[in-house]
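1. what's the 3D shape of this:
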Amino acid sequence: MSDAIPSIDDPREVYEDRLKIRRRIAAIRRRTEGRISMVRLVLFLLAAGLAWPALFTDIIAWGWIFVPVAAFVAVVLWHARVIRLRELDERAAGFYERGLERLADRWAGQGNPGQSYLHADHAYAADLDIFGRGSLFELICAARTRPGEAMLAGWLSSPAPPATVRERQAAVDELRPRLDLREQLALVGEDVRAELDADDLTQWASGEPLLTERWPVIVATALGVVNLVTLLASLTVSAAFPVFLASAVVSGTFALVFRRRVVRVLIQVDRPEHELELIGAILAGLESESFQSPLLSELRSNLDTHGLPPSRRIAALARLVQINDSRRNMFFAPFAALTFSGTHLAFAVERWRRQYGDGIERWLDAVGAIEALSSLAGYAFEHPADPMPEVVDDAPLFDGRAIGHPLLSEAACVRNDVRLGDGLQLLLVSGSNMSGKSTLLRTVGVNVVLALAGGPVRARELRVSPLAVGASMRVTDSLQEGLSHFYAEIKRLSAIVDIGEGSPPLLFLLDEILHGTNSHDRRIGAEALIRNLVDQGSIGMVTTHDLALAKIAEDLEPRAANVHFEDQLEGDRVVFDYTLRPGVVRKGNALELMRSIGLKV
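-> I've put the predicted structure just below:
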């Protein structure tokens, strides 16, 4: 299947066409499986029917039995291949089904929420729904490895400098139409979830070798040969049995000398088996690719090595791990003990680690970065109307035209223009409950996160400078730490002020701050906090439904301005248009909302 697509403007059509093809091919292969199963049965019955006359009569020569047996083995291998191809087609169909679910806004709870990357003390992740069910990470992430997940999570958790963002944008643009590559990355290891942390794998690969001697391999080989020869000889010559026992005693003594180190090596290498299998398969796919953008070209060049490519080297280690698993089989274990297979495996693993271990971290970084870029490219492909933002060096700046929230469906997304910078540092957003104030703050914040991660934004256009985002929107109390809601909030606000003292400039997003105290203290505290942030050179937005706070913006003009959302009462319903307007809101809806649910006020 080629990377040519019918229309980059219609991802739904692309997915639907490919889904039909994959389902049709899977159905054909399923029917082929049925026919092959019948052929297998016929060949088995034929071999069974020939066995008696071939082995116990003179009707046919016994060699004829190998004809149906050989044919049976060939058909079994053919059958396994068809099953594997059919499974891949079904997985590919699932890949496009999930894509269509995302396009239909039915993706929440279906992907990887990245919950482990959500930290309570992060400046904005919880407030902006970066991780968790229905989060930005769940919508975007298509990584199959821990390094890929961690790389994308890192990009969404920390803004990159302009040069890095531009490199990622170019890479995402190059990967956007390469649907075959993204499909391949998503399908590799679909039945294996990578559970080992990349840090553990790199620490193992770069650790001090435990077995460096050469002579033990020679001795183990010699003892293994003696053990097998004397064992076989003792089956026919009784005098050979004492020699076998003596060889076994010597072998046991030799094994005890190295047992602790051998066991430690084999236990360590046993842990990354699935991770190695998955990473090796991803590397194999990437090694055949060529790229034009600087970042992708650099990542691809990190896979180039002298001699065997990384995928072959990792496959060699994976085979050693599989052999280590096989030797535990109860039927194979005695033979493995006599031939020192564990010792040979441990020394082979250590040789691999000495020769190639220093490349693991570089290979993992390349895999993680390409998976993260592929995730952003998939998101860009599914949202062709979302442009790449212009990242400028002049700071601070956020200038968005028709910006919307990327986690909302297109039908529910109301877009607004928002501009901060060039002298205007604060927008104080007033409005009634449920009018859209908090959503506007999250819209600005999430688009900044996307922009500075290297992805497209939900806007008609966006110019943005490097910004450190700090949000206070979902502060909760803590029973474990004995913190009240108010104290937890002022701790968060203090952390945001500290961010504003650093670089890059701060974008603060504060929702109904200090509402855990009385109105007098609240106004004084809020004004002092906002003045401090503005004096730092930060830009940001503060929401309120307390009109007394709106005077703060008037006092700070022209560095601040009031904007608001309105609502209308239609019958017994309060209706919102979620359109941002200049000035201060002049009416509220609290009483109307209370009456609408039957409360008498």
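
2. remind me which helix or strand the residue lying closest to S409 once chain neighbours are set aside belongs to.
-> Leaving aside its sequence neighbours, S409 sits nearest to D105 (C-beta to C-beta, 6 or more residues apart in numbering; 4.2 Å). (C-beta placed from N, C-alpha, C; glycine too.) Counting by DSSP states H and E, D105 is held by no secondary-structure element, helix or strand.

3. residues near D105, how many?
-> If you count neighbours by other C-beta atoms under 10 Å, D105 ends up with 14.

4. please apply the same query to S301.
-> Using other C-beta under 10 Å as the criterion, S301 is surrounded by 10 other residues.

5. mind checking pLDDT for it?
-> Note for S301: predicted pLDDT of 82.

6. need phi/psi at it.
-> With angles defined as degrees, to the nearest 10, S301 sits at phi -70, psi -20.

7. let's have the chain start at 55 instead
-> From this message on, residue numbering opens at 55, which makes the last subject S355.

8. pull out the buried residues from stretch 435-451.
-> Neighbour-count burial for stretch 435-451 flags F435, E436, H437, D440, M442, P443, E444, V445, A449, P450, L451 (criterion: 16 or more other C-beta atoms under 10 Å).

9. separation between A274 and L371?
-> 20 Å (C-beta to C-beta, to the nearest Å).

10. actually I414, not the one I typed
-> 10 Å.

11. the stretch 555-655 of the chain: strands as residue ranges?
-> Secondary structure of the stretch 555-655 of the chain, counting by DSSP state E, counting those that start in this stretch: strands at 560-565, 593-598, 614-618, 621-624, 627-630, 635-636.

12. averaged pLDDT, stretch 500-514. What do you get?
-> pLDDT averaged over stretch 500-514 gives 97.

13. and the next element down the chain from the top helix by length along the chain?
-> Longest helix in the chain by number of residues, with DSSP state H as the criterion: helix 65-110. Using DSSP H and E, the helix or strand that follows helix 65-110 in sequence is helix 120-157.

14. what average pLDDT does that next one get?
-> 89.

15. other residues contacting the helix or strand following that helix?
-> Using DSSP H and E, the helix or strand that follows helix 120-157 in sequence is helix 190-194. Contacting residues not belonging to helix 190-194 are listed as 156, 161-168, 171, 182-186, 206-207, 210, 429-430, 432-433, 460-461, 500, 503-504, 509 [C-beta atoms under 8 Å, 6 or more residues apart in numbering].

16. helix 190-194: what's the following helix or strand?
-> helix 200-211.

17. now do that next one: which elements does it pack against?
-> In terms of contacts (3 or more C-beta pairs under 8 Å, 6 or more residues apart in numbering; DSSP states H and E), helix 200-211 is packed against helix 190-194, helix 252-260, helix 414-436, helix 491-507.

18. closest one to R613 among these?
-> When the helices and strands packed on helix 200-211 are compared by C-beta to C-beta, helix 491-507 sits nearest R613, at 17.8 Å.

19. what angle separates the closest one from strand 560-565?
-> 150 degrees (axes from the mean of the first three to the mean of the last three C-alpha atoms, to 10 degrees).

20. which stretches of the stretch 205-354 of the chain form helices?
-> Ranges of helices within the stretch 205-354 of the chain are 216-229, 233-241, 252-260, 269-288, 294-324, 327-341, 348-355, based on DSSP state H, counting those that start in this stretch.

21. for those helices, give me TSV that also has distance to I424.
-> Below are these laid out as TSV (distance: least, C-beta to C-beta, whole Å):
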stretch	distance to I424
helix 216-229	8
helix 233-241	8
helix 252-260	14
helix 269-288	38
helix 294-324	25
helix 327-341	6
helix 348-355	6
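
22. how far does stretch 491-501 sit from its chain's centre?
-> Mean-position distance between stretch 491-501 and its chain equals 24 Å (C-alpha atoms, centre = their mean, to the nearest Å).

23. in PDB, list the C-alpha atoms belonging to it.
-> What follows is stretch 491-501, C-alpha atoms only, in PDB (Å, rounded to 0.1, in the frame of the first residue of the first chain):
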ATOM      1  CA  LYS A 491     -14.500  31.900  31.200                       C
ATOM      2  CA  SER A 492     -12.600  28.800  32.400                       C
ATOM      3  CA  THR A 493     -12.900  27.200  28.900                       C
ATOM      4  CA  LEU A 494     -11.300  30.300  27.400                       C
ATOM      5  CA  LEU A 495      -8.300  30.100  29.800                       C
ATOM      6  CA  ARG A 496      -7.900  26.400  29.000                       C
ATOM      7  CA  THR A 497      -8.200  27.100  25.300                       C
ATOM      8  CA  VAL A 498      -5.300  29.600  25.400                       C
ATOM      9  CA  GLY A 499      -3.200  27.300  27.700                       C
ATOM     10  CA  VAL A 500      -3.700  24.100  25.700                       C
ATOM     11  CA  ASN A 501      -2.900  25.800  22.400                       C
END
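
24. buried residues of stretch 455-464, list them for me.
-> I457, G458, H459, P460, L461.

25. ends of that stretch, how far apart?
-> Stretch 455-464 has an end-to-end distance of 16 Å (C-alpha to C-alpha, to the nearest Å).

26. which other residues reach it?
-> By C-beta under 8 Å, 6+ apart, the surrounding residues in contact with stretch 455-464 are 159, 183, 188-190, 193, 437, 440, 467-472, 493, 496-498, 500-501, 504, 511-516.

27. write the ChimeraX selection for whichever of those residues are buried.
-> Selection command for ChimeraX covering only the buried members of the contacts of stretch 455-464, criterion 16+ other C-beta under 10 Å:
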select :183,189,190,193,437,440,467,468,469,470,472,493,496,497,498,500,501,504,511,512,513,516
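
28. average model confidence for the longest helix of the chain?
-> According to the model, helix 65-110 has a mean pLDDT of 87.

29. got the angle between it and helix 120-157?
-> Per the same axes, to 10 degrees, the angle that helix 65-110 makes with helix 120-157 is 160 degrees.

30. starting at the chain centroid, how far to helix 65-110?
-> That offset, for helix 65-110, works out to 35 Å (C-alpha atoms, centre = their mean).
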